[in-house]
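[1] quick check, what structure comes out for this input:
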Amino acid sequence: MTYYAQLLLNGIIAGSIYALFAVGLTMVYGVFRFINFAHGELIAWGAYLVLLFTHSPFSIPIYYAVLPALMVTVLIGLAQDRYVYGRLRHGSRITLLIASIGLSYFLRNAIRVIWGSDLQTYGLMPTRGIGFAGLSITSAQISMIAAATFFLGALYMILTRTMLGKSLRAVADNMTLAQIMGINIQKVSLAVWVLASLFSGVGGILLAIDTNLEPMMGLTNLIKAFAAVLLGGAGNVWGALLGGLFIGIAENLGVAFFSPGYKDFVSFALIVGMLLFRPKGIFSIAEGVR
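    From the prediction side, this is the model:
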């Protein structure tokens, strides 16, 4: 029984990171009605930028390197919108889709050019897990849970307690009507891209602390974020959060029955299943940031 409880704990930890990825992805969809395939590369760039700032010529301690890394990640996200998506937004969705795929390839290969294709780590010393109730959790995993809880809690406060959050939800429901009512669309757009990029960067850094870095980490985790978005209902922020937790738990509990090499199969199977049987998601909300 302890074995399954440990898998459940590991699933909650992983799911909290997937939730960060999925929330950012679904916020962009909820407002702009397109899936940003380059979202995954923001995950990878957030992680790799910490590596950049911890090495020469910067040599900043890792916990201080997180801030400039996140700032640059946000700038990359804003540049995506300003120089690519903003110019194509009035065209067809297919055009935006193709542009996002092309941008994803560009950013992924830029990582290969700068850092190479080999696996890398932050070089942190391994620590002994903390035991409680027969379970084990490391200090890095505790940090992952704490950071994910903090950022998701901050998002809840923004969406429910601020005028920016109300404006964001109004734009997600009907952009044209919101603009007529005097809501600043540019301000809302800026907030969406900042939040989506920030959440991606934070999730990528936390994931790299617990595992390692490699150029394909963005694409791999984009698939899991996409599965979580479909599970919760595209555009539904809280559905994406629950979907991310579900993906993490399902992956880790699946290890009890299948080889760990099949963990990613869970995400693909859920994507296919949701598209076939419930394309609007478990909560049947097809649009709007809720």
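
[2] that's a helix at Asn36, yeah?
    No: under DSSP: H, G, I helix; E, B strand; the rest coil, Asn36 sits outside any helix and is assigned coil.

[3] ok, it to Glu214 distance?
    The spacing between Asn36 and Glu214, counted by CB to CB, to the nearest Å, is 21 Å. C-beta coordinates here come from the backbone N, C-alpha and C atoms, glycine included.

[4] who has more neighbours, those two?
    More neighbours surround Asn36 than the other of Asn36 and Glu214, with 30 against 20 (other CB atoms under 10 Å).

[5] correct me, but the more buried one touches Leu97?
    No: counting by CB atoms under 8 Å, Asn36 does not reach Leu97; the two are 9.3 Å apart.

[6] and stretch 105-123, what's buried?
    Within stretch 105-123, the residues that qualify as buried are 107-108, 111, 115, 120, counting by 16 or more other CB atoms under 10 Å.

[7] stretch 142-155 too?
    Of the residues in stretch 142-155, those with enough neighbours to count as buried (16+ other CB under 10 Å) are 144-145, 147-148, 151-152, 155.

[8] measure the residue nearest to Ala14 when sequence neighbours are not counted to Phe132 for me?
    Closest residue in space to Ala14, ignoring its immediate chain neighbours: Gly248 at 3.7 Å, by CB to CB, 6 or more residues apart in numbering. Going from Gly248 to Phe132 by CB to CB gives 20 Å.

[9] next: Gly233.
    As for Gly233, its distance to Phe132 is 35 Å (criterion: CB to CB).

[10] same drill for the two, tell me which one is more crowded.
    Ranked by neighbour count (other CB under 10 Å), Gly233 and Phe132 place Gly233 first, with 28 against 9.

[11] doesn't Leu241 make contact with that one?
    No: assessed by CB under 8 Å, Gly233 is found out of contact with Leu241, at 11.3 Å.

[12] grab the longest helix from this protein for me.
    Secondary structure assigned by DSSP state H gives helix 2-32 as the longest helix of the chain.

[13] in it, what counts as buried?
    Neighbour-count burial for helix 2-32 [16+ other CB under 10 Å]: 7, 9-32.

[14] same deal with stretch 59-66?
    Neighbour-count burial for stretch 59-66 flags 60, 62, 65-66 (criterion: 16+ other CB under 10 Å).

[15] in helices, which of those appear?
    Taking DSSP H, the ones among these that sit in helices are 62, 65-66.

[16] next, the angle helix 2-32 makes with the next helix or strand after the longest helix of the chain.
    Following helix 2-32 in sequence order, the next helix or strand is helix 39-54 (DSSP states H and E). Comparing the axes of helix 39-54 and helix 2-32 via axes from the mean of the first three to the mean of the last three CA atoms, to 10 degrees yields an angle of 110 degrees.

[17] could you number the chain from 698 rather than 1 from now on?
    Yep, numbering from 698; the last one is helix 736-751 now.

[18] tell me which residues in helix 736-751 are buried?
    736-751.

[19] can you check stretch 857-871 too?
    Buried residues in stretch 857-871, counted by 16+ other CB under 10 Å: 861-862, 864-870.

[20] how about CSV for those residues, with pLDDT, distance to Lys921 and secondary structure added?
    Formatted as CSV, these follow (pLDDT from 0 to 100; distance: CB to CB, whole Å; DSSP: H, G, I helix; E, B strand; the rest coil):
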residue, pLDDT, distance to Lys921, secondary structure
Leu861, 88, 28, helix
Gly862, 87, 26, helix
Ser864, 89, 30, helix
Leu865, 87, 24, helix
Arg866, 85, 26, helix
Ala867, 86, 30, helix
Val868, 87, 27, helix
Ala869, 82, 23, helix
Asp870, 81, 27, helix
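
[21] alright, calling it a day.
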